[in-house]
Every structure is written in structure tokens, then in C-alpha cells.
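# I'll drop the sequence and a predicted model, then ask my questions.
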Amino acid sequence: MEYQKMLIEDLRKELDAGVVTSQELFEKFVSLAKKYQGEYNSFVTILEKYKMKKKKDTLVTGIPYALKDNFSTSNILTTGSSNILKNYVPVYDATVYKKLKEAGAVLMGKTVLDELAMGGTGITGHTGVVKNPWDKTREIGGSSAGSAAAVALGIVPFALGSDTGDSIRKPAAFGGVVGFKPTYGLISRYGLFAFASSLDHVGCFTRSVRDAAIVTDIIKGEDPHDMTSLKDTGECLVDSLAQDIKGKKLFYIKEICDRSQYEESGDQEILAVLDNFYDLVEKLKEKGFVIEEVSIDQKLLEAIYPSYMTISCAEATSNNANLTGIPYGPRGEGNSVDEIMFSARTKGFSELIKRRFILGSYILQKENQEKLFLNACRIRRLLVDKINDLFQTYDGFLLPCSGGGAPHFDEDSDKLSDRYLLMENHLSLGNFGGYPSITLPCGFIDGAPIGVCLTGRVKEDGLVLAMAEKIEEVTGLKGQIAGGDQDV
Amino acid sequence: MYKVVIGLEVHCEVQTNSKNFSSAPNEFTMTPNIHVAPVDLGLPGILPVVNEEACRKALKTAMALHCENPDEIIFDRKNYFYPDLPKGYQITQVTKPMGRNGYLDIKVGEKEKRVYIHQLHLEEDTASLDHYSNYSLIDYNRSGIPLMEIVTEPCISSAEEAVTFLEDLRDVFLFCEVSEARSNKGQMRCDVNISLTEEGSDKLGTKVEMKNINAFNSVKAAIEYEIKRQSELLDRGEKVIQETRRIDEDGKTYSMREKVDAVDYKYYVEPNLPPVKLTKEYLDGIRQTVPMLKLDRLHRYINEFHLSEYDATVLSKNKDIADYFENILLLGSDIELTVNFVTTSVLSSLKKLEIDLKDFFITEEMLSGVIDLVHQGKISLDHGKKILYQALEKKKDPRDIIKESHLEQINDEEKLLTYITEALEENPEQVRQYVEEGKDYVINYFIGKVMQKSNRQANPNITLELIKKELEKRRK
């Protein structure tokens, strides 16, 4: 189908020219979603009824899209992909949903996530596993698994996700699409089911950098419901794409990218990732970028993942303490309120979630808080200080998103692993500092997409997008969908 | 004999339009679950938005209680599970409360005592639970209502002191206009910690906690009962158990639960409310609105105005009365006569009419006018009081009543200017206050002076304009 591969502005033209109506587009995408649902399981809910109530005309008016199923949508089931919310129908709208509605975008479905946005595999949602559109034996990654898959399959031109450690940018890389998480506070979190409030970001999946700018322009803005949202500057991100990037300075981190440390292992996959990366770096230099290698204390870098887990588990424990089955959700059984809440939570959460809650609770205990939680916060501060220091000299940093294509279903686990500790877990730097960070496809390894991640200074989302668009020009992978040209 | 050591934790609802972290109304209602926003239900995805008015009022109260204020406002989460706590955590303040290390001076009988305040912090109330035989109902109207908690140091030593402190603290809330502080609506509640120790010993006794007492006389009864109970235990050589007790209607206390280990609330800083720096200007702005407290006014009336202790007590008891009294003095009226009029005519009229001062027809200006005429010997004291009652009855300005009988207003600007010039020259300090410190209220002072000089015949509106003009001239 033609529309499957179209970018937002192509669809806009078709709609404006009357070649297709918004409702026809919606119906085509819905039938596509249903066709792929059994195979890939992108959606928790596919909406049957076309509904559009715009308040103004925008680039996305009439265009269908999908929301991760952790955005509150009134009168539409919102599960967080968890059994404890499997019948929860919200009574209020998330700010981003409200903004998209007013802009005339048409919601066509709610996508599967790793339960309550925790985890990075796409296999822990209560409605089942999400598969990678490029290779069904692989994960798509998570936690915004369904949104990544839906955009990669061409079911929708864009979808929203949330990113606490890498939950947009990792699955975007594994799905061969663009994933953008802007500066913390640029987009309101009101109505996003909280995982770790100080790290949670709203962002989008698209098939081009320009589309990411278009979508972000619609959903960004100060929100009286979110005190961490930033004051409006009036910047139009689409306009910012036009800026000149000649002479912009980027760095990459030696401790993550140095080829020699991986050579001994003989792991061809990670070496291929690095070949691809250095090839890209050379091409970008030709385009006028200045790109340099910097070295950061290995010990500090190795603390990224454990401190991320410490902070996020602690905040998650508290943020999800509302799920007791008392005011809403499946009521537990028992003879006392404690028993009732205990039973609801025991049945409602999967093992992985419970493990994280117990960790979080342990981390926040009075006797552990100083050593675990507060030290993790200090490490976060040290890392952010280091990056900010580098940002005095550089406009951004560029890194491979992972040590290879998406893992096969039997490879992954939530437990701490030493294998490529840095290569697989550096994306949460973007969350620690609240930096604008975008991943975009940069190639394939064994038929699986890989991505590169560009991160820039806080509030310089426009510059990050402009630089990313240049990278996109070099990779030539704009607008790709799975099952398209590469389809076997 | 044992030494009694009491510490109080007082919760008081703050009066605001909306709740502490949501836009639902902060109003008392009997209809359950109508003042509820998604935030108050702890629905997934909600975010708190802090109520600035609640912060201002908590800071103001902290200032009235002579506390140190923090350099920024931050909130913390107190994590625990209970059905009346929909989010699973309460937003409160641990790291930087609105106030620390303050005090409130109280007068117990003849003796004055300083009660030290450990801290004052702002938090949100929980939902309320109604328990029935085999089920309970939750009312979320109360969920998220702004609540101040004032924690005293353990420095109170009798039931009488405790109750006096609570009454005076309630007056602080009323004087500051931060709460109605009605205990029958549950707006003011109190936890009492009490321990007994051998006289002369510096070792603290075992602490017993009594939770959520609404009425002040219940606090008294509970403390007296506990003192008796614990004394008897100690007399018999038995141990007091550290526990939480509840009080019954008969004034006796009953054990609720023994305190094994203190609960770990896993406090950490609320990440959804970024710290807000408190500037000196902002705090000074609030400080200017802090009223003088009851005891300070009492001292002032006795020492500065040379009032009798009885009159001073009567006049300082209620903020509206005290303000009314002070405003009349500000208008330049004679102190003795003002005391006389306010403590007799005004208070008896209020009592007779069963109204509050805010509904009283006679304004400060009106009464001041009558008092001045009495002072000048133009009318007798009795005549003045009679005119006041007439004015109340007819709802007519008493000054008009007097004027209609024999006095006329002066509207001639030149004539008025001579009075004004005289008044300004006689009071250089007030002129300086206006010119250098921008204190606008001295205008009223000068109006009072001109009124006196003109036998209250000066046209007040013209006088006001002329005084402003003259003062402005001096500013340049």
C-alpha cells in the first residue's frame, strides 16, 4: 500500500488534494494494524471508530497515529500493559493526547509496552510479546515496543512513546526508525503513567527527522498541569532544521567506541557496528562536522547502569504505590485492607516488576538510602557535570545505540550483565541530564537494523534535529519501513 | 511528684480556594466525593501542581510564630500504604519545612511562658474513612486539602499550658487569616505526646502518643487522665509502655497499639515539584502582612497606651476588635475616650445585635469623628454615645446626624490648606515617613489632624486630595 511508506507531509498533500480522506486513511491503517496484529502484536487496543475533532488546522490534521498504552486517554482503555490495569478506563486526557486531538490527529490505537514501561525487551506486556518487524526471531526492544513496531511496519506515520532510560531510542534503533526524546520539560508529562519522574520523557517515533520535528512542535509546550514543563520560547523546530551545521563539533566516547577493546572477543557483530559507526563519522566530517574522540573515566561510565537502575527502581516503587486495587483496578481479596492490597499487587504485577519494586523499596529504606539512593543521585550529578563540561566545547555527542542488531528472543534478561555494559547502557545519559537525544537508523547487520544516537545540549532541540537531519542525508535511510524494499 | 513533659503536633487546614496540589475546591461539604480532581484520586499519570496561596499562608504563619524560613520551597514524599492515601505517598515537607526554630509566647494565668516550635510544614490531608460493621467508605473530598503541621518542642508541662497554647495558636491562625481553625469541622486536630519523669531527673520518661484529638477540652481531659494513669503506674513501680493511645468520649484513654519499631516512611524529595527559590523580596512581602499577635498587642496596649490590664485584654482578644481600636487611634482620636467607646458601646452593641465587627455599621472614621467631638467638648460623652446608638438604628453616619443639627462642612480649599500646612509642619516625622519610606498610611494620620483642627468640618475628600498633593510636593 502506497500510504504505508508516506511521511507526514506526503500524507498532508494527499489529504489536501482530496486524493484520500482522513477517514479512508484511518480505515486503511486500521486494517493494516489488524493484518499485522497476530504476527507482531503492536497494539493493546485498535480503535474501530473514526473520530476527529480538530480545533485548528496543522500538518497532522486528519493523520492517524498511535499512542503507547501508558498515556491517559479518557474513555479509552489504558492498561500500561499490566494486569493490574487491564480494565482501567481513564477519566482524563494526557496533555499530549489533548494537544494532538486539538491538532486534528486521529488516534488509531494504543500500543504494547513492557509492563508499566519497565524493561527493554518488549516481551513483558500483559497481552504478549512484540516481535521485530524486520526479523520475527528478534525482539523489538522496549519499553515503547508497540509504538516502534507500528511505525516500522508502516501502520502509522508516527507514534508517541516514553523514554526513561532508552525506552524510545533503543526500540527505534532496533526497528530502523527515528526515535526522539527532547529536552526534559519541553513536553508535558501530565497523563503519562509515571515510571521514574525525574527521568521520564515523552517523545515520538517517526520515519524521518523532519517528521520528529513536526510531531514535537505539536506536542511541546508549557503545561499548567506539569510544574517541570519549560516556558515556551516560541521556537519552531521544523524551522530550526534549516540552520547551518558546518563546523558543529561532536564527540564520541573512547571507552565505548574504541575498537581494540572488542577485537579480542572476536565478536564480529560489535566490530561491524563500529565499522558502520566510523564510516559514518568519516562521511559526516566530509559534510562539515568536526568529530573528535574524548576519554571519560571508565569507572564513572560503568556506574551509569547501576545508578540508573537504583534511581529508577526507587522512584518506580513510589510512583506505582497508587496501584492497590482500592480506588480502581481489580480488587484484591482478604480480611484486612493490608491483605486486600497485598493480594491485588501480588496478582497484578509480573515477577520482573515485583523484583524492581522490592529493589526500589530496599534502596529507599532509611538505612540504605544514603549508600544506595543518594550515592546514585551523586553519580548522576557527576556524569551530568562531566557531559555539561564537554558541552562547553562540543555541540553534541554521537554514539552507536547498541553492540548489534536487536537480540534474539532467548538472549536477553533484565539482570545486570557485564557484556558490553557501556555499549548497551549509555543512552540513559540523555535522561540523567534531560538532554535532547535522537536515534536514527544507520544500517543493517544480519538483516537487523542498527541505529546511531545523537545527544545535544539542554534546550537545543532545534540544533540536535538539524544535525540529525544531516546525518539522515548521509545514511540515506529516511522513510524506510520493514517489509519494504528489504523484505525477503 | 513527677515532672510532666508534653509535646504537641497540631494539624490545621489552610484556607485556600483550591486544594494543595490540584484544582478541586477546598470547601467544606457534607456530600461525599464531589470535590475531587484526578490528582486527588491518585489516578495513573497525574502530577501535583503546588498551590502558591497555601505556601504563602504557611510561610506567613511560620513568620508569625517567629520561625526561620527556608531558602527554597521543596516537598518530600512520605511513602506508606493505607486506603485513605490514594497515591500511596503523601506530599509533605521534611528536608526544608516552611518554618523552623520558632516560638509562641502564651499567658497561663498570671505567668507568661514561651512555647518553642520545632517546625511548621505544609502537607496534604488524606481522604476520610467511615467504618461500618463489615465495610468502610472512602470520601476523597478531604484528599489533598492543604494542611499545616506545627510541631512543638517537648516543653509544655501541664494540661492547662497545652490548652492555652492550642487556644493561642488558634488565635494565630485567625489573626493571620490562614484558617478558620474550627475543631468541630476537623480543621484543627492535635496529637499529644506525653511522658512523666522523676522530679529532678534529666532523663526523659517513656513517651505515650495520643492521636487525632479534635476538641481542646478533650486534649485537657486526655492529658489529665494520662498524668493520673502514668503517675499511678510509676507509684506502683511499674513501667509505662511506649504506645499510641486513643481517647474516648468519657475522657479516658485506651491503648491502640504498642510502638514496636518506628515505621520507615522512605522519605525522598518529590521529583515533580522543582525547587522554588524564595527571594528576600517575596518573603518581605509576606512579612509585611504578618499581624501583631494577641500577646504583643496586650503588651503594647499596656506599655505604650497605658491601658489597664483588663481593658488591654478585652481589646487584644479578637483581631478585628483590636484592629478597629488601633485604626481609630491612627485617625488621631483620644486614647482614653476610644477605649471607653470601644469597650462599652461597640462591644455591647455587637453582643446585642449578635453580629461580627465586619457587619458593624459604624466605621472607624465615623466613631473617630464622634470621639473627637466629645474630646473637643463640642458634645458630651453621653450625647456621643446616644448619637452612636441612633446612627446604628437609622444606619446613618453619626457625623451626619451631628452635622445636620448644627455643623457645616468646609469645602474652601484655601481654608483647608492652612490646616494642612499647619498639620504637616507640626509632624515632620510623619512627613518624612511618607517622603522617604513611602508609607501611604500617614495620609490617614494627617486627615485625622486636619479633622481635629477643623472641628471635623473639613470636607474629607477634598482634604485627602490636598494632603496627597502637599505630601507629593515635599517628596520632590
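Arrived safely, thanks for sending.

# quick check, stretch A:140-149 touching chain B?
No - for stretch A:140-149 and chain B, the contact criterion (CB under 8 Å from any CB of the partner chain) is not met; the two come no nearer than 15.1 Å. For the C-beta atoms, the positions are set from N, CA and C on the backbone; glycine is no exception.

# again but with stretch A:230-249, I slipped
No - Stretch A:230-249 stays out of contact with chain B when judged by CB under 8 Å from any CB, the minimum separation being 10.5 Å.

# contacts for that stretch?
Contacts to stretch A:230-249, defined as CB atoms under 8 Å, 6 or more residues apart in numbering or on different chains, come from residues A:183, A:185-186, A:209-210, A:213-214, A:216-217, A:220-222, A:287-292, A:393-396, A:459, A:461-463, A:465-467, A:469-470.

# Going through those residues, which ones are buried?
Those of the contacts of stretch A:230-249 that meet the buried threshold are A:183, A:185-186, A:209-210, A:213-214, A:216-217, A:220-221, A:289, A:291, A:394-396, A:459, A:461-463, A:465-467, A:469-470, by 16 or more other CB atoms under 10 Å in any protein chain shown.

# Quick check: which helices or strands does whatever helix or strand B:Ala58 lives in pack against?
Per DSSP states H and E: B:Ala58 is located in helix B:52-64. In this structure, helix B:52-64 packs against strand B:99-108, strand B:111-124, strand B:146-152, helix B:159-176, helix B:280-287, with contacts taken as 3 or more CB pairs under 8 Å, 6 or more residues apart in numbering or on different chains; DSSP states H and E.

# Give me the angle between it and strand B:146-152.
For helix B:52-64 against strand B:146-152, the angle between stretch directions is 20 degrees (axes from the mean of the first three to the mean of the last three CA atoms, to 10 degrees).

# Tell me the residues of the stretch 1-150 of chain A that contact chain B?
When proximity is defined by CB under 8 Å from any CB, the stretch 1-150 of chain A lies next to chain B at A:70-72, A:78, A:80, A:85, A:88, A:90-92, A:94.

# run the last query once more with 7 Å
Proximity of the stretch 1-150 of chain A to chain B is assessed by CB under 7 Å from any CB of the partner chain, with A:72, A:80, A:85, A:90-92, A:94 identified as the residues in range.

# which of those are buried?
Of the members of the residues of the stretch 1-150 of chain A next to chain B, the ones counted as buried by neighbours, 16+ other CB under 10 Å, are A:72, A:80, A:85, A:90, A:92, A:94.

# closest to B:Ala162 among these?
Taking CB to CB as the measure, B:Ala162 lies nearest A:Tyr92 of these, at 44.8 Å.

# Okay, now the unreliable bits of chain A?
With pLDDT under 70 as the threshold, chain A has low-confidence stretches at A:1, A:411-419, A:484-488.

# and it, what are its domains?
For chain A, the domain assignment from automatic domain parsing gives the residue ranges A:2-246+A:397-475, A:301-381.

# Next: chain B.
The record assigns chain B these domain ranges, following automatic domain parsing: B:2-284, B:305-406, B:413-475.

# a markdown table for these, including mean neighbour count and mean pLDDT?
Output for the domains of chain B, formatted as a markdown table (neighbours: other CB atoms under 10 Å in any protein chain shown; pLDDT from 0 to 100):
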| stretch | mean neighbour count | mean pLDDT |
| --- | --- | --- |
| domain B:2-284 | 18 | 93 |
| domain B:305-406 | 17 | 90 |
| domain B:413-475 | 16 | 87 |
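
# returning to that earlier point: could I get the residues of the stretch 1-150 of chain A next to chain B as a markdown table with distance to B:Gly45?
What follows is the residues of the stretch 1-150 of chain A next to chain B, written out as a markdown table (distance: CB to CB, whole Å):
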| residue | distance to B:Gly45 |
| --- | --- |
| A:Ser72 | 4 |
| A:Gly80 | 9 |
| A:Leu85 | 11 |
| A:Pro90 | 8 |
| A:Val91 | 11 |
| A:Tyr92 | 8 |
| A:Ala94 | 6 |
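
# out of the residues you listed, which are inside helices?
Of the positions in the residues of the stretch 1-150 of chain A next to chain B, not one sits in helices, assigned by DSSP state H.

# Pick out the residue of the stretch 51-200 of chain B closest to chain A.
Here the residue of the stretch 51-200 of chain B nearest chain A is B:Gly88; by CB to the nearest CB that distance is 2.3 Å.

# Distance of that residue relative to A:Asn41?
Between B:Gly88 and A:Asn41 the distance is 31 Å, computed by CB to CB, to the nearest Å.

# Also A:Leu15?
From A:Leu15 over to A:Asn41 the distance is 29 Å, taken as CB to CB.

# which one of these two has more residues nearby?
Shown here are A:Leu15 and A:Asn41; by other CB atoms under 10 Å in any protein chain shown, A:Asn41 has more neighbours (21 against 17).

# pretty sure that one contacts A:His126?
No - applying CB atoms under 7 Å as the test, A:Asn41 and A:His126 come out as separate, 11.5 Å apart.

# still on that earlier bit, could you export the helices and strands packed on helix B:52-64 as a markdown table, including distance to B:Thr29?
Supplementary listing: the helices and strands packed on helix B:52-64 in a markdown table, determined by distance: least, CB to CB, whole Å:
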| stretch | distance to B:Thr29 |
| --- | --- |
| strand B:99-108 | 30 |
| strand B:111-124 | 18 |
| strand B:146-152 | 16 |
| helix B:159-176 | 21 |
| helix B:280-287 | 30 |
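
# for the ones you listed, which one sits closest to A:Tyr308?
Nearest to A:Tyr308 among the helices and strands packed on helix B:52-64 is strand B:111-124 (29.9 Å), distances taken as CB to CB.

# Let me know the secondary structure of the residue of chain B most remote from its centre.
For chain B, the residue at maximal distance from the C-alpha centroid (CA atoms, centre = their mean) is B:Glu414, at 45.8 Å. Classification of B:Glu414 by DSSP: H, G, I helix; E, B strand; the rest coil places it in helix.

# ok, back up a step: inside strands: which ones of the buried ones among the contacts of stretch A:230-249?
A:291, A:396 (DSSP state E).

# thinking again about what came up before, tell me the spacing between the residue of the stretch 51-200 of chain B closest to chain A and A:Phe432.
B:Gly88 sits 26 Å away from A:Phe432, taking CB to CB as the criterion.
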